[in-house]
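Enquirer: Mind folding the following:
(chains A and B)
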Number of protein chains: 2
Amino acid sequence: MPTIAILGGTGAEGFGLALRWARAGESVVIGSRDAGRAQEAAAKIQAALGGKAKISGEENVAACSAADILVLTIPFEGHCALLKQVRTAIRPGSIVIDATVPLAASVGGRATRTLGIWEGSAAQQAAELVPRGVSVVAAFHNTSAEVLNSDAVVDCDVIVCSDDPAALKTVSTLAAKIPGVRAIDGGKLENARILEQITALLIGLNIRLKGHSGIRITGLPEKAYEVS
Amino acid sequence: MPTIAILGGTGAEGFGLALRWARAGESVVIGSRDAGRAQEAAAKIQAALGGKAKISGEENVAACSAADILVLTIPFEGHCALLKQVRTAIRPGSIVIDATVPLAASVGGRATRTLGIWEGSAAQQAAELVPRGVSVVAAFHNTSAEVLNSDAVVDCDVIVCSDDPAALKTVSTLAAKIPGVRAIDGGKLENARILEQITALLIGLNIRLKGHSGIRITGLPEKAYEVS
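Expert: This next block holds a predicted model:
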């Protein structure tokens, strides 16, 4: 059974994913700059799940060393620096799931706009920074943190992009463990730029229309929505 | 009652919109470089609707002169040139709906990638080219041409972006006349870049997963989906 480390797991999006996967019986490590805060967050989830969760908290580098699957749910301003910091602790053959959105808010701008990234997307920036043999998968940009942190069924599809088809499949299986989520094959990692921008659009909708928006993809054959 | 001219109305997307609006009782002019082809397309819709449609076909400039609402459903390679050509025929106070997607296919690249537009999006390029007093609204990028050209309920939301709130509302009302479509206020015209890129993503899904995909926005309060 793979261990999932969520870097930035004390933030709303990361905490919500940790909660959902711990609830599904996955083995989860919450990572944070501060080991104490990570352990607090883990204890909160443990309490919410009545002591039955396989969850712990660690400082980010230690969290990486312990994990087969890493999830980045961090503000874009820390994206590059964190990857450089944990780089040598990432195990060969592991998967990095990048949910980072390069919001202009990272540089004091609006959360409804994105920055242009030289590589094309935050996920492609990550792909340049991880060690050889580590696969980057872009996913979970569009799932509302508020909804993840509730008991509600998540009314949102997770579009999954990667240049590694096996990693794409592993992450799709993980996505589908969240009640309501359908995982959809979004193709190559280069498409991550579109997922990242959709988040800026959804943030705008949330502000303007007062909701916790998500997206569903319609019009595909049934088996496109099934994880095989 | 406003007249809607669809420039590029002999193409699949434009023809589908013309069909749907004619079916809803709207007054529609199909525009084309070739008046003959425009008239043929109009006759086809007239026949499909049993002679009850308010529809005609005109060369593009003539179509503009006759219309209150213009819809651009043209390949991006003709976008700038067409707007320059018809510019003087666009009536003051009219609305230009831009559904153009700057696919890389326009310059021989892939239909799953977009070009970077200096102004930010094709719709913002249009906004620079229309006469003063004409409002540009971005919409209908994500509705499948195949579905529009069928009798099926359209399982897709239309996100509508404009800097002119009144024009945004007019276009939202028009979108909601297509069975199944919900119009959603997408905010300022600058957000059109995201709608345009979503189309490239959907084209990729259609190719990879064999469908006619669309999107739905979830998680907003009921009234966000209603046209007031």
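
Enquirer: For the closest residue to residue A:224 other than its chain neighbours, grab the count of nearby residues.
Expert: If you skip the residues right next to it in sequence, residue A:224 has residue B:209 as its closest partner in space, 4.0 Å away by Cβ to Cβ, 6 or more residues apart in numbering or on different chains. Glycine gets a C-beta too; all of them are placed from N, C-alpha and C. The number of residues packed near residue B:209 is 19, by other Cβ atoms under 10 Å in any protein chain shown.

Enquirer: How about the residue most central in space within chain A: what's its closest non-neighbour residue?
Expert: In chain A, the centroid-proximal residue (Cα atoms, centre = their mean) is residue A:99; its distance is 3.9 Å. Leaving out its chain neighbours, the residue that sits closest to residue A:99 by Cβ to Cβ, 6+ apart is residue A:140, at 4.0 Å.

Enquirer: ok, now which ones touch the one you found?
Expert: With contact set as Cβ atoms under 8 Å, 6 or more residues apart in numbering or on different chains, residue A:140 has these partners: A:13, A:17, A:71, A:73, A:97, A:99, A:158, A:175.

Enquirer: Then residue A:194?
Expert: Counting by Cβ under 8 Å, 6+ apart, the residues that residue A:194 touches are B:197-198, B:200-201.

Enquirer: Quick one: these as JSON lines, columns for distance to chain A too.
Expert: Supplementary listing: these in JSON lines, determined by distance: Cβ to the nearest Cβ, whole Å:
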{"residue": "B:197", "distance to chain A": "5"}
{"residue": "B:198", "distance to chain A": "7"}
{"residue": "B:200", "distance to chain A": "7"}
{"residue": "B:201", "distance to chain A": "5"}
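
Enquirer: export the residues you listed to TSV and tack on secondary structure?
Expert: Shown next, in TSV, are these (DSSP: H, G, I helix; E, B strand; the rest coil):
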residue	secondary structure
B:197	helix
B:198	helix
B:200	helix
B:201	helix
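
Enquirer: Using neighbour counts, pick out the buried residues of the helix or strand residue A:167 falls within.
Expert: Following DSSP states H and E, one finds residue A:167 within helix A:165-175. Residues of helix A:165-175 classed as buried: A:167-172, A:174-175 (neighbour count, 16 or more other Cβ atoms under 10 Å in any protein chain shown).

Enquirer: Looking at the residues you listed, which is nearest chain B?
Expert: In terms of Cβ to the nearest Cβ, no member of the buried residues of helix A:165-175 lies closer to chain B than residue A:168, at 11.4 Å.

Enquirer: Find the nearest non-adjacent residue to that closest one, please.
Expert: The shortest distance from residue A:168 to any residue that is not its chain neighbour, by Cβ to Cβ, 6+ apart, is 4.1 Å, and that residue is residue A:162.

Enquirer: residue boundaries of the helices in chain A?
Expert: Taking DSSP state H as the criterion, chain A contains helices spanning A:12-23, A:35-48, A:60-65, A:79-86, A:122-129, A:145-148, A:165-175, A:192-209.

Enquirer: Could you point out which of those helices sits nearest residue A:218?
Expert: Distances from residue A:218 to each of the helices of chain A were compared by Cβ to Cβ, and the smallest falls on helix A:192-209, at 15.0 Å.

Enquirer: now that closest one against helix A:122-129, angle please.
Expert: Between helix A:192-209 and helix A:122-129, the angle formed by their directions is 140 degrees, by axes from the mean of the first three to the mean of the last three Cα atoms, to 10 degrees.

Enquirer: rewinding a little: let me have the contacts of residue A:140 in CSV, extended by pLDDT.
Expert: Supplementary listing: the contacts of residue A:140 in CSV, determined by pLDDT from 0 to 100:
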residue, pLDDT
A:13, 97
A:17, 98
A:71, 98
A:73, 96
A:97, 98
A:99, 98
A:158, 98
A:175, 98
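
Enquirer: Return the member of those residues nearest to chain B.
Expert: Using Cβ to the nearest Cβ, the shortest approach to chain B within the contacts of residue A:140 belongs to residue A:158, at 12.6 Å.

Enquirer: Please name the residues that touch the closest one.
Expert: A:139-140, A:142-143, A:172, A:175, A:178, A:181-184.

Enquirer: rerun at 10 Å
Expert: If you count contacts by Cβ atoms under 10 Å, 6 or more residues apart in numbering or on different chains, residue A:158 has them with A:99, A:139-143, A:171-172, A:174-176, A:178, A:181-184, A:186, A:195, A:214-215.

Enquirer: need the contact list for the residue nearest to residue A:16 when sequence neighbours are not counted.
Expert: With Cβ to Cβ, 6+ apart as the criterion, residue A:16 has its nearest non-adjacent residue at 2.7 Å, and that residue is residue A:148. In this structure, residue A:148 makes contact with A:12-20, A:140, A:154, A:156, A:178, A:181, A:212, judged by Cβ under 10 Å, 6+ apart.

Enquirer: Pull up the gap between residue A:140 and residue A:12, please.
Expert: According to Cβ to Cβ, to the nearest Å, residue A:140 and residue A:12 sit 12 Å apart.

Enquirer: Ok, residue A:196 next?
Expert: 17 Å.

Enquirer: neighbour-wise, which of these two wins?
Expert: residue A:196 (27 against 14).

Enquirer: how close does the more buried one sit to residue B:108?
Expert: Residue A:196 is 26 Å from residue B:108, where distance means Cβ to Cβ.

Enquirer: just residue A:138 next, same as before
Expert: For residue A:138, the distance to residue B:108 equals 27 Å [Cβ to Cβ].

Enquirer: if you count what's nearby, which of the two comes out ahead?
Expert: Each of residue A:138 and residue B:108 had its neighbours counted (other Cβ under 10 Å), and the higher figure belongs to residue A:138 (33 against 7).

Enquirer: Could you tell me the per-residue confidence at the more buried one?
Expert: At residue A:138, the model reports a pLDDT of 98.

Enquirer: My guess is it contacts residue A:102. True?
Expert: No - taking contacts as Cβ atoms under 10 Å, residue A:138 lies outside contact range of residue A:102: 12.0 Å.

Enquirer: which residues are common contacts for these two?
Expert: With contacts taken as Cβ under 10 Å, 6+ apart, residue A:138 and residue A:102 have A:121-123, A:193, A:196 as neighbours in common.

Enquirer: In a markdown table: the residues you listed, plus pLDDT and distance to chain B.
Expert: Formatted as a markdown table, these follow (pLDDT from 0 to 100; distance: Cβ to the nearest Cβ, whole Å):
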| residue | pLDDT | distance to chain B |
| --- | --- | --- |
| A:121 | 98 | 11 |
| A:122 | 98 | 15 |
| A:123 | 98 | 14 |
| A:193 | 98 | 7 |
| A:196 | 98 | 10 |
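
Enquirer: now, among those, which is nearest to residue B:221?
Expert: Taking Cβ to Cβ as the measure, residue B:221 sits nearest to residue A:196 out of those, at 25.5 Å.
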